[in-house]
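S.K.: Show me the folded form of this:
(one chain, ligands or ions: 1)
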Amino acid sequence: MSNLKQEILKLLKSDRFISGQEMADRLKVSRTSVWKSINGLKTEGYSIESVTKKGYHLKEHPRYISPTALKVLVEGSSLFTRMEYLETTESTQIEAMQKLESQEGAYVVVALEQTKGRGRFSRPWASPKNSGLYLSIVLRPNIPITEIIRFNLFISLALSEALDAAFGVESGIKWPNDIYIKNKKVSGFLTEVVSESNVINAIICGIGINIYKNEDVTALGTATDIESEIDPDREIDLDDFMKKLIHNIEVYYDRFINEPFSSIREEWKSRSIVFNKKLKITETNESYVAKVLDIDSDGFLEVLDEAGEIRRVVSADIEL
Ligand code: BTN
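M.R.: This is a model prediction of the structure:
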């Protein structure tokens with residue numbers, strides 16, 4: 001993707017109309033090059049309006065993340081060396097796994113549609129075209145596998161904060177891997193690990209976010225999407241969200257490597273939606289009802305079950 005397209009996109013994102021000549025002068029290129037780049041952006045899904053004597057402006061953002069925006073992100077990233085862009089795939093988790101040998105360092109795989117998207121506990125994750133964001137991030141921390149619980153806590157904070165900043169919503173974290181808005185799930189992530197002798201070789205973290213209304217996603221009444229929750233006067237700008245998400249992942253991944261959970265515990269707690277509620281907790285072999293009291297400095301939930309016993313929950317499914 002040419003740098004010119006990226007530069008023109010930046011100019012089009014300013015609030016006013018801008019003429020082809022002004023863009024050509026500012027970027028020191030010909031009018032024809034500007035025109036070609038604008039057509040290229042239109043093909044990528046940007047709705048660019050042109051008005052005689054006024055010039056161009058960006059009318060609507062595409063309903064999907066654009067390749068140009070991803071290019072900009074990877075170039076400016078302190079962590080990721082590559083971002084793979086796919087129109088459709090079975091699952092970005094599978095794609096990301098397959099690249100572990102051939103691709104070094106940290107990278108991201110983004111797809112506009114998944115035909116076999118999956119969630120935690122092998123549940124399906126509905127991933128219709130142009131409805132959500134589906135991505136997998138690969139990181140190679142070289143730390144003991146037991147640290148993965150802490151990783152989830154840092155990533156959930158990165159995701160929840162990015163949603164709020166980009167869309168002006170108030171999201172909350174449902175321990176361990178879900179993001180909710182007003183008691184409905186808007187996003188979830190799945191953390192898979194490749195390890196050797198209990199040391200992590202790679203983390204493959206798959207993130208799914210419901211963006212636009214889609215019956216396949218919200219049919220059960222337990223899920224929501226950004227389009228339903230955002231202030232109607234506000235635009236859904238996926239490029240901007242992706243920028244904020246990648247930035248937050250960079251920041252919180254660095255903190256995960258260098259800091260204990262206690263450094264984000266208060267921030268995390270202020271976003272948690274599970275405290276002081278009676279919830280159904282399902283661990284590997286049993287289900288029980290308990291009230292969530294706190295989260296300890298290691299990131300384990302402290303819950304009080306109906307027999308009055310305090311338990312420490314490491315990994316579980318929680319129903320609100
Ligand atoms: C969950 O809430 O159960 C986790 C959902 C994770 C879905 C994402 S979408 C991108 C990546 N690819 C997948 O197949 N799953 C994850």
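
S.K.: quick one, phi/psi of the residue of the stretch 201-320 of the chain found nearest the ligand?
M.R.: Nearest residue of the stretch 201-320 of the chain to the ligand: G206, at 2.7 Å (Cβ to the nearest ligand atom). To be clear about C-beta, it is placed using only N, CA and C from the backbone, and glycine gets the same treatment. Backbone torsions for G206, taken as degrees, to the nearest 10, come to phi -100, psi 130.

S.K.: For my notes, confirm G208 occurs in a helix.
M.R.: No: read with DSSP: H, G, I helix; E, B strand; the rest coil, G208 is strand and lies in no helix.

S.K.: mind listing the strands for the chain?
M.R.: Assigned by DSSP state E, the chain shows strands spanning 47-51, 55-60, 80-86, 106-111, 132-139, 172-174, 178-181, 184-196, 199-210, 278-282, 287-295, 301-305, 310-313, 317-319.

S.K.: So which residues of this structure form helices?
M.R.: Here the chain has its helices, by DSSP state H, at 3-12, 20-27, 31-43, 67-75, 92-98, 148-167, 215-218, 226-229, 238-258, 265-271.

S.K.: and the fifth one, which residues are buried?
M.R.: Same thing as helix 92-98. Neighbour counts over helix 92-98 (16 or more other Cβ atoms under 10 Å) mark 92-97 as buried.

S.K.: Can I get that helix in CSV? Just the C-alpha atoms.
M.R.: Taking C-alpha atoms only, helix 92-98 is exported to CSV below (Å, rounded to 0.1, in the frame of the first residue of the first chain):
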residue,chain,number,x,y,z
THR,A,92,-7.6,-16.2,12.5
GLN,A,93,-6.4,-18.5,15.4
ILE,A,94,-5.6,-21.2,12.9
GLU,A,95,-4.0,-18.8,10.5
ALA,A,96,-1.8,-17.3,13.3
MET,A,97,-0.8,-20.8,14.5
GLN,A,98,0.2,-21.9,11.0
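
S.K.: For the residue of the stretch 201-320 of the chain closest to the ligand, give me its contacts.
M.R.: The contact partners of G206, taken as Cβ atoms under 8 Å, 6 or more residues apart in numbering, are 91-93, 96, 134-136, 189-192.

S.K.: if we look at the sheet, which residues does it bridge to?
M.R.: Beta-bridge pairing for G206 (DSSP bridges): S136, L190.

S.K.: Skip the chain neighbours and tell me the closest residue to G55.
M.R.: Closest residue in space to G55, ignoring its immediate chain neighbours: S19 at 3.6 Å, by Cβ to Cβ, 6 or more residues apart in numbering.

S.K.: Thank you kindly, that will do.
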